[in-house]
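> With the sequence up front, the predicted model follows.
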Amino acid sequence: MLHTRIIDIKVEKIKSSNAEDFIRSSKYGASIIFTGTVRNINENKEVTGITYDSHDEMVLKSFEEIYKETGDKLDIKDKVVFIEHIKGYIGLGETSIIIAVACKHRDQAYVLSRYIIEEIKKRSPIWKKEHYKNEDSEWLKGNPINAN
């Protein structure tokens, strides 16, 4: 079972309670909720916030592909996965992504959660612009969109 969504931060907030509700089941013995948040320093620059932009349709497609391939690559067939990423500006300590997983066993949950975030970072067309204390900002180098 899979839930994916891009959250427009101007319209609503991303909520970990939604992830908790989605993955909750007595069928599974392990669940993990990963949240990515804006940290205050990156490459020795003092960060005040980040603006995220994305190609929403391609991002959601990449989330679905990552989910589907975990059955074969990780041999985790029985699972629940919740992925939401924000779009727009967020400040320090605010959440940019939530990945929640539930599996029968804890080792599966850890492996699954880690695999999903690493693949999203590599493959999903999500761009971020860091804003700095000195009022400068810059788009960070990302990965090119794979045309396959």
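Perfect, I can see it now.
> List the buried residues for the one helix or strand Ile120 maps to?
Per DSSP states H and E, Ile120 falls inside helix 106-123. Burial within helix 106-123, assessed by neighbour count using 16 or more other Cβ atoms under 10 Å, is assigned to Gln108, Ala109, Val111, Leu112, Ser113, Tyr115, Ile116, Glu119, Ile120, Arg123. (C-beta placed from N, C-alpha, C; glycine too.)
> for stretch 67-87, same thing?
Result for stretch 67-87 [16+ other Cβ under 10 Å]: buried residues 67, 70, 74, 76, 79-87.
> Which of those fall in strands?
Lys79, Val80, Val81, Phe82, Ile83, Glu84, His85, Ile86, Lys87 (DSSP state E).
> quick one on the thing from earlier: give me the contact list for the helix holding Ile120.
29-32, 34, 36, 62-63, 65-67, 70, 73-74, 76, 79, 81, 83, 85, 97, 99, 101-103, 126, 143, 146 (Cβ atoms under 8 Å, 6 or more residues apart in numbering).
> ok, now stretch 15-32?
3, 33, 35, 78-82, 84, 95, 98, 100-106, 108-110, 112-113.
> Now do the helices in the protein.
Ranges of helices within the chain are 16-23, 56-73, 106-123, based on DSSP state H.
> Report the inter-axis angle for the last one versus helix 56-73.
Note on geometry: by axes from the mean of the first three to the mean of the last three Cα atoms, to 10 degrees, helix 106-123 and helix 56-73 are set 140 degrees apart in direction.
> For the residue nearest the centre of the chain, give me its contacts.
With distances taken as Cα atoms, centre = their mean, the residue of the chain nearest its centroid is Ile97 (3.8 Å). Neighbouring residues of Ile97 by Cβ under 8 Å, 6+ apart: Ile14, Phe34, Thr35, Gly36, Ile83, Glu84, His85, Ile86, Ile117, Ile120.
> Distance of the last one relative to Thr4?
Read it as Ile120. Separation of Ile120 from Thr4 (Cβ to Cβ, to the nearest Å) stands at 10 Å.
> Give me the common contacts of the two.
Common contacts of Ile120 and Thr4 (Cβ under 8 Å, 6+ apart): Phe63, Ile83.
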